[in-house]
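Enquirer: return atomic coordinates for the entry below.
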Amino acid sequence: MGLPMTLGFMGILAATIAERISVSAGVLSLGPLLVAGAGSVLYWNWSEAHGQGDMRAYLLLQFGSLLAILAMLLLFRPSYTEGWCVAVALGLYAGAKLLEILDRQV
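Expert: Numbering: from 1, shown residues only. Modelled structure (predicted):
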């Protein structure tokens with residue numbers, strides 16, 4: 001369902017952690033974030049197959065990660081000069097999310 005987008009966003013979160021907090025924290029967080037992202041999509045798919053369609057974990061990861069990135073952008077200084085790239089990535093994510101919501105109309 002939303003696996004590619006979720007994995008991409010987990011990568012953006014790990015990259016933001018690496019840039020704003022520490023490289024080692026970003027590297028160490030990547031694996032667990034990818035597993036959590038994939039798990040949320042797999043659980044959503046499983047629950048759809050069983051007539052429930054439980055998206056709570058998926059939505060928590062997506063919007064919780066977005067809030068975490070925004071907080072890091074506001075609270076931590078960038079380690080590198082290209083910190084604006086995270087803002088561009090968030091803009092692209094917002095566009096992708098909008099297209100996902102308006103999928104039928106598009």
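Enquirer: switch to C-alpha atoms for all contacts and neighbour counts from now on
Expert: OK.
Enquirer: would you mark the buried spots in the least confident helix or strand in the chain by mean pLDDT?
Expert: Within the chain, confidence by mean pLDDT, DSSP states H and E is lowest for helix 84-101 among all helices and strands, at a mean of 80. For helix 84-101, a neighbour-count test (16 or more other C-alpha atoms under 10 Å) marks Val86, Leu90, Tyr93 as buried.
Enquirer: check which helices and strands it sits against.
Expert: helix 3-20 (3 or more C-alpha pairs under 8 Å, 6 or more residues apart in numbering; DSSP states H and E).
Enquirer: poorly predicted segments of this structure, please.
Expert: 1, 81 (pLDDT under 70).
Enquirer: please pull up the helix or strand immediately following the longest helix anywhere in it.
Expert: The longest helix of the chain (DSSP state H) is helix 23-49. Using DSSP states H and E, the helix or strand that follows helix 23-49 in sequence is helix 56-75.
Enquirer: list of residues touching that next one?
Expert: Thr6, Phe9, Met10, Leu13, Thr16, Ile17, Arg20, Ala36, Gly37, Ser40, Val41, Trp44 (C-alpha atoms under 8 Å, 6 or more residues apart in numbering).
Enquirer: tally of neighbours for the fourth one?
Expert: It refers to Leu13. 22 (other C-alpha atoms under 10 Å).
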